[in-house]
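**Student:** Give me a model of this one.
(2 chains)
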Amino acid sequence: MAAPRAFLRLGAREWNGRARGIHGASESATPDRGQKKKTLLQFLSDHFRDVQALREYLLQKQLSKSNWKNRFQDKEWIRANERGSFPTEFLNFREVPVEAVDASGCTINYQGMSNLLPLKKLRSLSLERCPHVDDWCLGRLHLLAHSLQELSLAGCPQVSERGLACLHHLQ
Amino acid sequence: MMPGKQWGMPFDTSYLPPTQSDVVIIGGGILGLSVAFWLKKLESRRGAIRVLVVEQDHTFFFSQYSRASSTGPSVGGIWQQFSVPENVQLSRFSINFLRNINEHLAVVDAPLVDLRFSPSGCLLLASEKDAATLESNVNMQRQEGAKVCLMSPEQLRNKFPWINVEGVALASYGMEDEGWFDAWSLFEGLRRKVQSMGVLLYQGEVTRFITSSSQMETTSGEQVVLKRIHKVHVKINKSLEYQPVECSVVINAAGAWSGKVAELAGIGKGLPGTLQGTKLPVEPRKRYVHLWHCPQGPGLETPLVADINGVYFRREGLGSNYLGGCSPTEEEEPDPTNLEVDHDFFQNKVWPHLIQRVPSFKTLKVKSAWAGYYDYNTFDQNGVVGPHPLVVNMYFATGFSGHGLQHSPGIGRAVAEMVLEGEFKTIDMSPFFFNRFYLEEKLQEYRIL
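**Tutor:** Next comes the predicted model:
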């Protein structure tokens, strides 16, 4: 697994940094320790690898929680709750057409878009800040041309004017 | 010289190609590099195959008059609307390759390849008499997985109000995975990757093949003479020096000059009508591309439009510039000995058709024009892939008459599979074998751009 090895590397680097005193890669997660007084949590995570791992894990959970809100027809948004699972009523809505999908910040890519394309009644799609959405993905949106009314691509770094030029399919 | 090492020449020969190489690829354009890439990618262990690419002219694009390669000047379009199913499969393979280009061509510490792909689609127009062919082609393309839709003249007028639909009975519009990209960045990316994989690129000209022949008998009892190429003489440019390179496989990817290279190997030297006398029918044909500026022109949604009589154009950038040209008929073929642009050709042959199809092009102003060579297959304008039946270790990857660039990943893979495994694994390109020239079976493409 790559994740524990990354932590090991971080841990080793920090240790070396402290041992040598000044030098050492300071691209580890701790902020500049020159002026600010360190909090207890930071102090603990510097010295104990488990605490650092725990903090990373919580950060990941927080990140993955902020995405993927769906809205069904005439109903409110259905979001994932704090623990990352959808409410149980979700399963009752299998037949109801999906009207809006909010996938901001999601790491959706070209293959992932094929899950969105069968949603024929989709009216609003938000792909803000998706790092892997590029011109090729926009070329796939023509299948949603009849129903899509709102499309948001704010903050997608890989979309260029060439992808936007092919959005003329959407009426 | 350490004990146990090979004895080299006592003087400096580092500017010469190596004396031995497993595969020699003649021609360093997009097809040659694609074959080199796939050969190195599909080899069974790292460093198993030594590949040498010999290219006549390394300056390629920017030298106006010595443009031996067709890659630089190309329009860079890619579309899946072909009439031969294998061409559609090649396009689909190539588009998947291009979409994940950085997975394939990433080199450590080098910038990522940015293809600047515009997914604007390709629009093919057909008149009454071609409408049925177009429809059957579209059905075939849909079966292969291309997303193409048929449009009637009214739908065309609604969608693209700048088109004059007179004379158009049917149109096919590719919605996805079609458009154009920057050929030069693909070429540079391939070159970087191929060099990092250990392929040697040398500038030189192939002047001679050293071959050996043997008499064999076919199953039906006829006598045939099979040839095997043992050495390739690579002559250094602007000098009389040459280096004989011992090789086991030669790949002819010399583009417009493949016919000449094939003649060097003795292909076509025999009585006409026999297999020995069948030449490789690839010759250089000059094609012009014109760049013009027209502020009243179509606009952002312009696809690559291919008109009924061979005129095509596409949008270029965001400043109302358009690129386009026309494939001349047999009688109007320009002289291929030089790359001079004939501006009258645009005035007389291209502009009238453009105005007729897109009336707003009346006010266009030609900004620049250039010419390039097509590796034109005079037999049926489709490529040749695979070994020659008599010269057993020469493989072809040429003759694609304008489609070479967009199919290059697929063709490269097919030829590499043929060399390494002996058969086609991903796309079956057996209709493209050399034999069809002898058997007179044409693999005609409906329209060539």
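**Student:** Name the residues of chain A found near chain B, please.
**Tutor:** Counting by CB under 8 Å from any CB of the partner chain, chain A comes close to chain B at A:110, A:135-136, A:138-140, A:142, A:160-163, A:165-166, A:168-169. C-betas here are computed from N, CA, C, even on glycine.
**Student:** repeat that with 6 Å
**Tutor:** Proximity of chain A to chain B, by CB under 6 Å from any CB of the partner chain, involves residues A:D135, A:W136, A:G139, A:H142, A:R162, A:A165, A:C166, A:H168.
**Student:** Can I have the buried ones of these as a ChimeraX selection?
**Tutor:** The ChimeraX selection below is limited to those of those classed as buried (16 or more other CB atoms under 10 Å in any protein chain shown):
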select /A:135,136,139,142,162,165,166,168
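**Student:** With respect to B:S74, which of the residues of chain A next to chain B is nearest?
**Tutor:** Ranked by distance to B:S74 (CB to CB), the residues of chain A next to chain B are led by A:R162 at 17.9 Å.
**Student:** Which neighbouring elements make contact with the strand or helix carrying B:A397?
**Tutor:** Per DSSP states H and E, B:A397 falls inside strand B:394-398. Contacts defined by 3 or more CB pairs under 6 Å, 6 or more residues apart in numbering or on different chains; DSSP states H and E place strand B:394-398 against strand B:249-252, strand B:384-387, helix B:404-421.
**Student:** again, only this time at 7 Å
**Tutor:** Secondary-structure packing of strand B:394-398 (3 or more CB pairs under 7 Å, 6 or more residues apart in numbering or on different chains; DSSP states H and E): helix B:30-41, strand B:249-252, strand B:384-387, helix B:404-421.
**Student:** Could you check chain A and say which of its helices or strands has the lowest average pLDDT?
**Tutor:** helix A:2-20 (a mean of 43; mean pLDDT, DSSP states H and E).
**Student:** does B:F432 really touch B:V385, like I thought?
**Tutor:** Yes. Counting by CB atoms under 7 Å, B:V385 is a contact partner of B:F432 at 4.3 Å.
**Student:** May I see the buried residues of stretch B:153-167?
**Tutor:** For stretch B:153-167, the neighbour count (16+ other CB under 10 Å) marks B:P153, B:L156, B:K159, B:F160, B:W162, B:I163, B:V165 as buried.
**Student:** Output it as CSV, nothing but the C-alphas.
**Tutor:** C-alpha atoms of stretch B:153-167 as CSV (Å, rounded to 0.1, in the frame of the first residue of the first chain):
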residue,chain,number,x,y,z
PRO,B,153,-30.9,19.4,-45.2
GLU,B,154,-33.5,21.1,-42.9
GLN,B,155,-31.7,19.8,-39.8
LEU,B,156,-28.4,21.0,-41.3
ARG,B,157,-29.9,24.4,-41.8
ASN,B,158,-31.2,24.6,-38.3
LYS,B,159,-28.0,23.5,-36.7
PHE,B,160,-25.6,25.4,-38.9
PRO,B,161,-27.3,28.4,-40.4
TRP,B,162,-24.3,29.5,-42.4
ILE,B,163,-24.5,26.4,-44.7
ASN,B,164,-26.1,26.6,-48.0
VAL,B,165,-27.8,23.2,-48.4
GLU,B,166,-28.3,23.3,-52.1
GLY,B,167,-27.2,20.1,-53.6
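**Student:** Report whether it contacts chain A.
**Tutor:** No. Judged by CB under 7 Å from any CB of the partner chain, stretch B:153-167 stays clear of chain A, getting no closer than 8.5 Å.
**Student:** pLDDT weak spots in chain A?
**Tutor:** A:1-97, A:171 (pLDDT under 70).
**Student:** do you know how far the residue most central in space within chain B is from B:F432?
**Tutor:** With distances taken as CA atoms, centre = their mean, chain B has B:G404 as the residue nearest its mean C-alpha position (1.8 Å). For B:G404, the distance to B:F432 equals 12 Å [CB to CB, to the nearest Å].
**Student:** same deal with B:N309?
**Tutor:** 27 Å.
**Student:** same deal with B:V305?
**Tutor:** 28 Å.
**Student:** How many neighbouring residues does the closest residue to B:E283 other than its chain neighbours have?
**Tutor:** The shortest distance from B:E283 to any non-neighbouring residue, by CB to CB, 6 or more residues apart in numbering or on different chains, is to B:G259 (5.2 Å). Counted with other CB atoms under 10 Å in any protein chain shown, residues neighbouring B:G259 total 23.
**Student:** about what we covered before: tell me which of B:F432 and B:V385 has more neighbours.
**Tutor:** B:V385 (28 against 25).
**Student:** Name the residues of chain B found near chain A, please.
**Tutor:** Near chain A, when you scan chain B using CB under 7 Å from any CB, you find B:R99, B:R116, B:F117, B:S118, B:P119, B:S120, B:M175, B:E176, B:D177, B:L300, B:E301, B:L318.
**Student:** ok, now with 6 Å
**Tutor:** B:R99, B:S118, B:P119, B:S120, B:M175, B:E176, B:L300, B:E301.
**Student:** Show me which of those are buried.
**Tutor:** B:R99, B:S118, B:P119, B:S120, B:M175, B:E176, B:E301.
**Student:** Report pLDDT for the fourth one.
**Tutor:** What that stands for is B:S120. Note for B:S120: predicted pLDDT of 86.
**Student:** Equivalent analysis for the last one, please.
**Tutor:** If you check B:E301, the pLDDT there is 82.
**Student:** Over to it: give its phi and psi.
**Tutor:** phi -90, psi 10 (degrees, to the nearest 10).
**Student:** How about the first one?
**Tutor:** Backbone geometry at B:R99, expressed as degrees, to the nearest 10, gives phi -70, psi -40.
**Student:** show me what contacts it?
**Tutor:** By CB atoms under 6 Å, 6 or more residues apart in numbering or on different chains, the residues touching B:R99 are A:W136.
**Student:** try the one 3 residues further on
**Tutor:** In this structure, B:N102 makes contact with B:L112, B:V113, judged by CB under 6 Å, 6+ apart.
**Student:** What segments of the stretch 301-449 of chain B are strands?
**Tutor:** Taking DSSP state E, counting those that start in this stretch as the criterion, the stretch 301-449 of chain B carries its strands at B:304-306, B:311-316, B:321-326, B:365-377, B:384-387, B:394-398.
**Student:** remind me which residues of the stretch 201-350 of chain B are low pLDDT?
**Tutor:** Using pLDDT under 70, nothing in the stretch 201-350 of chain B is flagged.
**Student:** For chain A, give me its nearest residue in it.
**Tutor:** B:E301 (3.8 Å; CB to the nearest CB).
**Student:** so how far is A:L138 from the nearest residue to that residue once chain neighbours are set aside?
**Tutor:** Excluding its sequence neighbours, the residue lying closest to B:E301 (CB to CB, 6+ apart) is A:H168, at 3.8 Å. According to CB to CB, A:H168 stands 11 Å off from A:L138.
**Student:** again with B:E128
**Tutor:** 35 Å.
**Student:** So for the two, which sits in the more crowded spot?
**Tutor:** A count of neighbours by other CB under 10 Å puts A:L138 above the other of B:E128 and A:L138, at 26 against 11.
**Student:** List of residues touching the helix or strand hosting the more buried one?
**Tutor:** Using DSSP H and E, A:L138 maps to helix A:135-139. Identification of contacts with helix A:135-139 by CB under 6 Å, 6+ apart yields A:Y110, A:M113, A:S160, A:R162, A:G163, A:C166, B:R99, B:P119, B:E176.
**Student:** Name the nearest of those relative to B:Y395.
**Tutor:** B:R99 (27.7 Å).
**Student:** Tell me the spacing between that closest one and B:K40.
**Tutor:** Relative to B:K40, and taking CB to CB, B:R99 is found at 21 Å.
**Student:** before we move on, what about B:S21?
**Tutor:** 13 Å.
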